[in-house]
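*Asks:* below are the sequence and a predicted model for it; my questions follow.
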Amino acid sequence: MALTIFILRLAIYILAFPVFLMDFLGLWSWICKKWFPYFLASFTVTYNEQMASKKRELFGNLQEFVGPSGKLSLLEVGCGTGANFKFYPSGCRVTCVDPNPNFEKFLIKSVAENRHLQFERFVVASGENMHQVADGSMDVVVCTLVLCSVQNQEQILREVCRVLKPGGAFYFLEHVAAERSTWNSFWQQVLDPLWYLLFDGCNLTRESWKTLERASFSKLKLQHIQAPLSWKLVRPHIYGYAVK
């Protein structure tokens, strides 16, 4: 099996050589940062349609974590185009963090379409280093389809714990590695190097639930599901929330 994966990966490297060459020369990242927001703006429309019931279920108890102010302070890490905004409760105070500044114009459009929210600010930063966000300032942190592409999952979870108030919650919805010894797992391993480049650092083979289980949360509610998505490669998902 390992030899077959190696041979198929080698064939992909040959067929997609121009892309890998541009990445080696440092050109591909710049191109990807420009076009990826346009792709994501289209993709999230379909994703929200197919995952709407799961998102409503996931975010259904957000109000349980409202602080003494009476308004929910929510930080979304890797906010992208603001695809989650419509699932947040009315009056929610939203701060967004994303390392790609090209998402800002799409985010502004989403803010305009979701007047039930109180938008605070957009911070250009990686999830691993959110020093602009104060310690213990958030009731809730949300992260969807982000852990697949961050550089260091352990560090981003440490940052999440830092910015959360005591008793605050971290909500997640992530595609993950398929069960081993399945055809889906096989093709995830074959396509992962090319997928990583085409989709701005996204990894198909991450077992993100293991990182969440090792993190220093006092409570973790996590479920594995096969998401009702068109793309079989990303159907394996985890979702739930963890309490600091």
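*Replies:* Happy to help now that I have it.
*Asks:* the nearest residue to residue 103 once chain neighbours are set aside: neighbour count?
*Replies:* In this structure, residue 103 finds its nearest non-sequential neighbour in residue 37, 5.1 Å apart by CB to CB, 6 or more residues apart in numbering. Just so you know, the C-beta spots here come from the backbone N, C-alpha and C atoms, and that holds for glycine as well. By other CB atoms under 10 Å, the residues close to residue 37 number 20.
*Asks:* next: the one 5 residues further on.
*Replies:* For residue 42, the number of neighbouring residues by other CB under 10 Å comes to 10.
*Asks:* sec struct for it, please.
*Replies:* helix (DSSP: H, G, I helix; E, B strand; the rest coil).
*Asks:* what about the residue nearest to residue 103, helix or strand, and which?
*Replies:* Here residue 37 is covered by helix 28-58, with elements defined by DSSP states H and E.
*Asks:* likewise for residue 173?
*Replies:* Per DSSP H and E: strand 164-175 holds residue 173.
*Asks:* and the helices in the protein?
*Replies:* Applying DSSP state H to the chain gives helices spanning 2-15, 17-24, 28-58, 104-113, 153-163, 183-198, 208-214.
*Asks:* nearest to residue 96, of those?
*Replies:* Closest to residue 96 of these, according to CB to CB: helix 104-113, at 6.3 Å.
*Asks:* kindly export that closest one (C-alpha atoms) in CSV.
*Replies:* C-alpha atoms of helix 104-113 as CSV (Å, rounded to 0.1, in the frame of the first residue of the first chain):
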residue,chain,number,x,y,z
GLU,A,104,-11.6,41.6,4.4
LYS,A,105,-13.8,42.8,1.5
PHE,A,106,-15.8,39.5,1.7
LEU,A,107,-16.1,39.9,5.4
ILE,A,108,-17.5,43.4,5.1
LYS,A,109,-20.1,42.0,2.8
SER,A,110,-21.1,39.3,5.3
VAL,A,111,-21.3,41.9,8.1
ALA,A,112,-23.7,44.0,6.0
GLU,A,113,-25.9,40.9,5.4
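*Asks:* which of the helices of the chain sits closest to residue 132?
*Replies:* Short answer: helix 153-163, nearest of the helices of the chain by CB to CB, at 10.0 Å.
*Asks:* for the closest one, name the packing helices and strands.
*Replies:* Counting contacts by 3 or more CB pairs under 8 Å, 6 or more residues apart in numbering; DSSP states H and E, helix 153-163 is packed against strand 73-77, strand 138-144, strand 164-175, helix 208-214.
*Asks:* ok and that helix relative to strand 138-144, angle-wise?
*Replies:* 160 degrees (axes from the mean of the first three to the mean of the last three CA atoms, to 10 degrees).
*Asks:* list of residues touching helix 153-163?
*Replies:* 75, 77, 127-130, 133-138, 141, 143, 147, 150, 170, 206, 208, 211-212, 214-217, 244 (CB atoms under 8 Å, 6 or more residues apart in numbering).
*Asks:* which positions in that helix come out as buried?
*Replies:* 153, 156-157, 159-163 (16 or more other CB atoms under 10 Å).
*Asks:* contacting residues around the residue nearest the centre of the chain?
*Replies:* Residue closest to the average C-alpha location in the chain (CA atoms, centre = their mean): residue 146, at 2.0 Å. Neighbour list for residue 146: 77-78, 127, 174 [criterion: CB under 8 Å, 6+ apart].
*Asks:* for those residues, work out which two are farthest apart.
*Replies:* Farthest pair in these, by CB to CB: 127 and 174, 12.7 Å.
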